[in-house]
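S.K.: Need the 3D shape of this:
(one chain, ligands or ions: 1)
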Amino acid sequence: MSLLIIGGTGTLGRQIVLQALTKGYQVRCLVRNFRKANFLKEWGVELVYGDLSRPETIPPCLKGISAIIDASTSRPNEQDSLKKVDWDGKLCLIEAAKAANIQRFIFFSPQNVEQFDNIPLMKLKYGIETKLKESGIPYTIFRLTGFYQGLIEQYAIPILEDLPIWVTNENTSVSYMDTQDIAKFCLRCLQLPQTANQTFFLSGLKGWVSSEIINLCEQLAGQSAKVQKVPAFILKFVSRFFGFFEWGQNISDRLAFVEILNVENNFSKSTFELYKTFKIDPAEIIQLDDYFLEYFIRLLRRLRDINFEDVQKQKNLII
Ligand SMILES: NC(=O)c1ccc[n+]([C@@H]2O[C@H](COP(=O)([O-])OP(=O)(O)OC[C@H]3O[C@@H](n4cnc5c(N)ncnc54)[C@H](OP(=O)(O)O)[C@@H]3O)[C@@H](O)[C@H]2O)c1
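M.R.: From the prediction side, this is the model:
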């Protein structure tokens, strides 16, 4: 099976690429910047030029491809490209996939996407889910929770840099996942015909409230967090008012994410069934505490190496 992966340079996409290569798939990545994607080439990927905001570049990338894994989305710092990438580009991709007789099209959306048509990206994602289902292409949609990788920026770095952490709803627990595990589900579905034409709600095994994540990071960092508790409606007002400024934009993005994840869900009931369907042992799943522990160990090692290099440089200067 030859795979076309879109978004291979992204947080989730690169994990899918790595695991697909390890499993022996022929992997082609549609990329818009060869220099940025050079690491994929070094891993053994065939790179082809394509840009979702330039629809004419899409169809040639599908030649000889049997399955598409679309892990792309417009970058938050490219606000103008939202409709071009997540709507026009995706519609063109679906059309091209149909013409190329693609055997499986895998797409990712955030959880609860259908409940947030007031958030532009959510509205587009839900619209594309619908178009994909109507297209007749065998599809698999994964509705995802938050990534562990995003928590580093949200919690670990602010604690390490003594910056405030904005918290809204203390009681909502979210079952975050490592992108490595999401990649595992994604590739496994290619081997399971019964996963075609289905939507799966993917989530981790344990729910975490923000105070638990903050406590964990405080312990590992040996530093306390500056927690700013703000009711969601005030945060919404502030972000609308100060949205032009970078920090206002950050809050606004955070809020959108917090809102989406705050909707109660029934994941826990179906999670074990899901792992059974995909033949994935829950014991294989990376736990959040282990993920953070590894991150802080790597960081401390790096800091130790930098200190060591500094000492060596100073010694050399003295000599
Ligand atoms: N992050 C989360 O917590 C989360 C939660 C739920 C669902 N999801 C979904 O999971 C998927 C992966 O998310 P992610 O966080 O891994 O994404 P990401 O890190 O932001 O990566 C986005 C990818 O899309 C590519 N891309 C952007 N514009 C493009 C264009 N015009 N043409 C071609 N490629 C383009 C980027 O390429 P460049 O490197 O060239 O920019 C990059 O590879 C997305 O569908 C997202 O909606 C994410």
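S.K.: Just the terminal-to-terminal distance for stretch 70-88.
M.R.: In stretch 70-88, first residue to last residue: 14 Å (CA to CA, to the nearest Å).
S.K.: in it, what's buried?
M.R.: Neighbour-count burial for stretch 70-88 flags 70-74, 81-82, 84-88 (criterion: 16 or more other CB atoms under 10 Å). Glycine gets a C-beta too; all of them are placed from N, C-alpha and C.
S.K.: Got the confidence number for D289?
M.R.: Here, the pLDDT recorded for D289 equals 95.
S.K.: From what I see, it and C217 are in contact.
M.R.: No: taking contact to mean CB atoms under 8 Å, the distance of 10.4 Å between D289 and C217 leaves them out of contact.
S.K.: more crowded one of the two?
M.R.: Neighbour totals were compared for D289 and C217, and C217 leads with 25 against 15 (other CB atoms under 10 Å).
S.K.: Which helix or which strand is home to the more buried one?
M.R.: Here C217 sits within helix 210-221, counting by DSSP states H and E.
S.K.: Show me what that helix is packed against.
M.R.: helix 157-160, strand 164-167, helix 288-318 (3 or more CB pairs under 8 Å, 6 or more residues apart in numbering; DSSP states H and E).
S.K.: List every C-alpha atom in the first one, with coordinates, as CSV.
M.R.: So that's helix 157-160. Included here for helix 157-160 are C-alpha records, laid out as CSV according to Å, rounded to 0.1, in the frame of the first residue of the first chain:
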residue,chain,number,x,y,z
ILE,A,157,7.2,26.1,29.7
PRO,A,158,5.2,28.8,31.6
ILE,A,159,6.2,27.1,34.9
LEU,A,160,9.9,27.0,33.8
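S.K.: And it, what does it pack against?
M.R.: In this structure, helix 157-160 makes packing contacts with strand 164-167, helix 210-221, judged by 3+ CB pairs under 8 Å, 6+ apart.
S.K.: For the helix or strand following the last one, buried residues please.
M.R.: Going back to what we said before, that points to helix 210-221. Counting by DSSP H and E, the element after helix 210-221 in chain order, helix or strand, is strand 226-229. Neighbour counts using 16+ other CB under 10 Å place V227 of strand 226-229 among the buried residues.
S.K.: Just the residues contacting strand 226-229, thanks.
M.R.: Residues from elsewhere that reach strand 226-229, judged by CB atoms under 8 Å, 6 or more residues apart in numbering: 158, 162-168, 170, 214.
S.K.: I'd like the distance between L18 and E78.
M.R.: 25 Å (CB to CB, to the nearest Å).
S.K.: Same check on A97?
M.R.: Per CB to CB, A97 is found 24 Å from E78.
S.K.: again with L121
M.R.: Separation of L121 from E78 (CB to CB): 12 Å.
S.K.: Can you check the pLDDT for D80?
M.R.: With respect to pLDDT, D80 has a value of 83.
S.K.: How many neighbouring residues does Q191 have?
M.R.: Using other CB under 10 Å, Q191 has 11 neighbouring residues.
S.K.: Kindly report the same for the one 4 residues further on.
M.R.: Neighbours of T195 under the rule other CB under 10 Å: 20.
S.K.: Looking at the stretch 151-300 of the chain, which residue is nearest the ligand?
M.R.: For the stretch 151-300 of the chain and the ligand, the shortest gap (CB to the nearest ligand atom) falls at T179, measuring 6.7 Å.
S.K.: hmm, back to that, mean pLDDT lowest where, among the helices and strands packed on helix 157-160?
M.R.: Comparing the helices and strands packed on helix 157-160 by mean pLDDT, the weakest confidence falls on strand 164-167, with a mean of 87.
S.K.: Contacts only, for the residue in the stretch 1-150 of the chain that the ligand sits nearest to.
M.R.: Taking CB to the nearest ligand atom as the measure, the point where the stretch 1-150 of the chain comes nearest the ligand is G10, at 2.3 Å. Neighbouring residues of G10 by CB under 8 Å, 6+ apart: 71-73.
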